[in-house]
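Q: Let's see this in three dimensions:
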Amino acid sequence: MEALLTFDNLVALLTLTALEIVLGVDNIVFISILAGKLPHEQQARARTTGLGLALGTRILLLLSISWVAQLTTPLFHVLGQEISGRDLILATGGLFLIAKATYEIHERLEGEEGHGVTGAAPSFASVIIQILVLDMVFSLDSIITAVGLANEVPIMIAAVVIAIGIMLVSAGAISNFVNHHPTVKMLALAFLLLIGVSLVTEAFEVHIPKGYIYFAMAFSVLVESLNLFAHRRRVPPPVELRPTYIKDGTASGAVARPALTEETPHPAPPQATG
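A: Numbering: from 1, shown residues only. This next block holds a predicted model:
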């Protein structure tokens, strides 16, 4: 144990923890978007389950580090390009992110009601399966990166546990912020498109420096933060009025008064007395 608590290992632990948190922000945002489709009472459980699956997936991959190392071995060639197991996973995961983010953007801009279709709410199991697929993609990328930064598996596991713990604490606040700001949610979906494209290009050995990607994302977040700050200073907070009616025609928050029609008798004028 004392051999692990060296200066180099502590630096590696802090570096890996920071890396896992940075890489996990996108994971949290996407989990929040998926969990937001569920009823309110199930959203927190979906986020906790999703992050728990992410923790389990990362630990299993770290314990099978020799198998992960073999994923970089070429399996076959396509047009002179070597394709490994890691390339297949990254390409599949990238295409999944592109398709899912495009669908979510379309749903929020167009909406199923715009086409006259009433969609069924997703089940808890379907949301968890989508989160699990996403966790596998992000876990593989982060674990391969972690292997290049540290040599001790216990150090890598400790970094993953600390990072997931921080994500669990902050997941609720991040989810509420994303769900209450539609422009932030749209920006997060655009980030997922960007990450999906980078995963696909990485699978075909077209390396986009991640510093460029993170800089573009950070710059977009800065611009959006300035927009939110300026909007908050310029526009007073909206007044939320209680709806008079809900869809089934019953009153909510106010007394429902029937409208006067030709068949509805008008109240008689008061008669003068005295």
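Q: For E82, give me phi and psi.
A: Backbone torsions for E82, taken as degrees, to the nearest 10, come to phi -70, psi 130.
Q: Now do stretch 228-235: everything it contacts.
A: Here stretch 228-235 makes contact (C-beta atoms under 8 Å, 6 or more residues apart in numbering) with 181, 183-184. Any C-beta I mention is one placed from the backbone N, CA and C, and that applies to glycine too.
Q: If we use 7 Å, what do you get?
A: H181 (C-beta atoms under 7 Å, 6 or more residues apart in numbering).
Q: CA atoms only for it, dumped as CSV, please.
A: Extracted in CSV, the C-alpha atoms of stretch 228-235 (Å, rounded to 0.1, in the frame of the first residue of the first chain):
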residue,chain,number,x,y,z
LEU,A,228,-27.7,33.7,-20.0
PHE,A,229,-26.2,36.4,-17.8
ALA,A,230,-27.1,39.2,-20.2
HIS,A,231,-30.6,37.8,-20.6
ARG,A,232,-31.1,37.6,-16.8
ARG,A,233,-30.0,41.2,-16.3
ARG,A,234,-32.0,42.6,-19.2
VAL,A,235,-35.3,40.7,-18.9
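Q: Next, count neighbours for the residue nearest to N9 when sequence neighbours are not counted.
A: Of all residues not flanking N9 in the chain, I155 sits nearest, at 5.4 Å (C-beta to C-beta, 6 or more residues apart in numbering). I155 is flanked by 23 other residues according to other C-beta atoms under 10 Å.
Q: who are the neighbours in contact with I155?
A: With C-beta under 7 Å, 6+ apart, I155 has these contacts: 4, 9, 12-13, 16.
Q: Go through those residues and name the one nearest T201.
A: Nearest to T201 among the contacts of I155, counting by C-beta to C-beta, is L16 at 24.8 Å.
Q: Count the neighbours of G165 for me.
A: 13.
Q: Please, which helix or strand holds it?
A: helix 153-180 (DSSP states H and E).
Q: Ranking helices and strands of this structure by mean pLDDT, which lands last?
A: Within the chain, no helix or strand scores below helix 65-70, which has a mean of 68 by mean pLDDT, DSSP states H and E.
Q: so where's the protein shaky on pLDDT?
A: Applying pLDDT under 70 to the chain flags residues 1-5, 65-66, 68-70, 111-121, 141-151, 235-274.
Q: try 50 this time
A: 113-118, 239, 241-264, 274 (pLDDT under 50).
Q: What are the boundaries of the helices in it?
A: Secondary structure of the chain (DSSP state H): helices at 7-35, 40-63, 65-70, 85-109, 124-149, 153-180, 182-203, 210-234.
Q: any chance of these in CSV, plus distance to F76?
A: Below are the helices of the chain laid out as CSV (distance: least, C-beta to C-beta, whole Å):
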stretch, distance to F76
helix 7-35, 29
helix 40-63, 23
helix 65-70, 15
helix 85-109, 10
helix 124-149, 19
helix 153-180, 30
helix 182-203, 13
helix 210-234, 27
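Q: So for H77, which of these sits nearest?
A: helix 85-109 (11.4 Å).
Q: Can you name every helix or strand that the closest one contacts?
A: When contacts are defined as 3 or more C-beta pairs under 7 Å, 6 or more residues apart in numbering; DSSP states H and E, helix 85-109 sits against helix 124-149, helix 182-203.
Q: With that, I have no additional questions.
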